[in-house]
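J.: Kindly generate the corresponding structure for this input.
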Amino acid sequence: MGKPIVENITEAIYCSRKTICVISQHYLQSEWCSKDIQMASFRLFNEHKDVMIMVFLEDIPAKQLSPYFQIRSLVKKRSYLSWPQAVQHTGVFWQKIQQALKREENPAEHRCLLTGYQRVIQWLQLGFFFCSVIKLVTETTFFWNSFFLVVLTLLISFIHHFLRWHLTYTYYLFLAFLYDNKRRKKGIPHSYDAFVSYNVHDEAWVCGELLPELEGQQGWKLCLHHRDFEPGKPIVENITDAIYNSRKTICVISQHYLQSEWCSREIQMASYRLFDEHKDVLIMVFLEDIPAKQLSPYYQIRSLVKKRSYLSWPQAVQHTGVFWQKIQQALKREENPAEHRCLLTGYQRVIQ
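T.: Purely as a prediction, here's the structure:
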């Protein structure tokens with residue numbers, strides 16, 4: 001009682017291992033909730049630890065998040081939980097929150113950090129110090145400092161705009177490469193039989209057709225975004241773990257899939273693993289007929305379609321049994337390229 005609200009918020013965030021943000025329309029309109037998530041985000045990027053769990057209490061369209069830069073930025077980069085999507089699977093929802101709360105990075109180093117304005121003041125003092133140094137240098141060598149500052153700004157802008165994803169992507173690929181080599185040396189088995197890469201617009205087909213057949217009938221263990229991704233983890237890290245912890249990757253390709261940035265990352269990473277390990281680890285399923293000219297802007301998929309066999313759901317509508325049999329054969333097949341045989345789609349099998 002009697003403490004300033006901002007000081008109470010700061011103390012609560014820095015004296016807790018995690019911060020759970022329950023986001024709704026009312027949350028977005030609240031000034032103090034905005035302070036909460038700003039402070040939690042500051043700690044997240046300062047400590048480089050998974051200290052934030054975002055739970056959306058209702059479906060909020062992306063365009064409504066546009067004025068809220070902090071939340072929009074976090075949603076783009078980090079996994080989150082959605083209560084509306086979990087209504088039918090509340091057990092999985094609470095299990096995901098439990099996993100996120102249990103996850104600890106360097107727990108021995110955790111302590112109650114500086115409370116109140118002390119932490120903020122330290123950063124401000126550091127910032128003022130650097131400003132003073134920069135001012136002193138610019139006063140003595142104004143021209144050269146201005147020149148280098150402009151060049152540095154342009155370079156950072158160029159890297160951020162054009163190479164940011166490539167650098168992040170390369171970093172996680174390197175980690176995945178090290179993890180996969182370690183796993184193979186120790187003989188650790190994969191956690192899943194297949195990771196299913198799909199766009200959210202095609203979730204009805206995945207959950208209504210593919211999931212009941214492959215998990216229910218054939219008994220395979222699949223990895224899905226909404227069910228198996230760990231909340232709080234960076235999305236790229238979740239994708240990397242899913243691909244390298246699975247024997248195969250099934251890409252469910254549609255028009256929506258082609259237009260999705262994250263789906264593009266998933267098939268790029270799966271392709272990298274395919275060409276790096278020289279193993280039969282990728283299964284492509286076209287959910288709709290896409291003309292070759294529409295694939296022209298998508299070099300990665302166009303290259304794969306030219307070199308590798310794929311399955312087509314529209315061609316298999318009359319012969320679904322053959323379609324699921326082909327996927328079963330692909331999942332059973334060992335990852336030895338010498339044993340690779342072309343996957344025949346529905347009609348190709350019937351013609352034979």
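
J.: Could you report the neighbour count for the nearest residue to Arg103 once chain neighbours are set aside?
T.: Using Cβ to Cβ, 6 or more residues apart in numbering and skipping the chain neighbours, the partner closest in space to Arg103 is Asp50 (6.0 Å). (C-beta placed from N, C-alpha, C; glycine too.) Using other Cβ atoms under 10 Å, the number of residues around Asp50 comes to 21.

J.: ranges for the helices of the stretch 101-250 of the chain?
T.: 118-140, 142-158, 164-186, 203-205, 211, 225-228, 235-244 (DSSP state H, counting those that start in this stretch).

J.: so how far is Asn8 from the residue nearest to Arg103?
T.: 24 Å (Cβ to Cβ, to the nearest Å).

J.: One more: His278?
T.: Applying Cβ to Cβ to His278 and Asn8 gives a distance of 58 Å.

J.: So which of those two has more stuff around it?
T.: More crowded of His278 and Asn8, by other Cβ under 10 Å: Asn8, with 13 against 10.

J.: just how off-centre is the strand or helix carrying the more buried one within its chain?
T.: Taking DSSP states H and E as the definition, Asn8 sits inside helix 5-14. Between the centre of helix 5-14 and the centre of its chain there are 30 Å (Cα atoms, centre = their mean, to the nearest Å).

J.: What strands line up against the following helix or strand past that helix, and which way round?
T.: Using DSSP H and E, the helix or strand that directly follows helix 5-14 along the chain is strand 19-23. Applying DSSP bridges, strand 19-23 is found paired with strand 52-56 (parallel).

J.: Return the partner strand as CSV; C-alpha atoms alone will do.
T.: Taking Å, rounded to 0.1, in the frame of the first residue of the first chain, the C-alpha atoms of strand 52-56 are listed here in CSV:
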residue,chain,number,x,y,z
MET,A,52,7.1,-14.1,-21.0
ILE,A,53,4.0,-16.3,-21.8
MET,A,54,1.3,-14.7,-24.0
VAL,A,55,-2.2,-16.0,-23.7
PHE,A,56,-4.9,-14.6,-26.1
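
J.: Tell me which helix or strand comes right after that strand.
T.: Next element after strand 52-56 (DSSP H and E): helix 69-77.

J.: mean confidence score for the helix or strand just after that following helix?
T.: The element immediately downstream of helix 69-77 (helix or strand, assigned by DSSP H and E) is strand 81-82. In this model, strand 81-82 has a mean pLDDT of 86.
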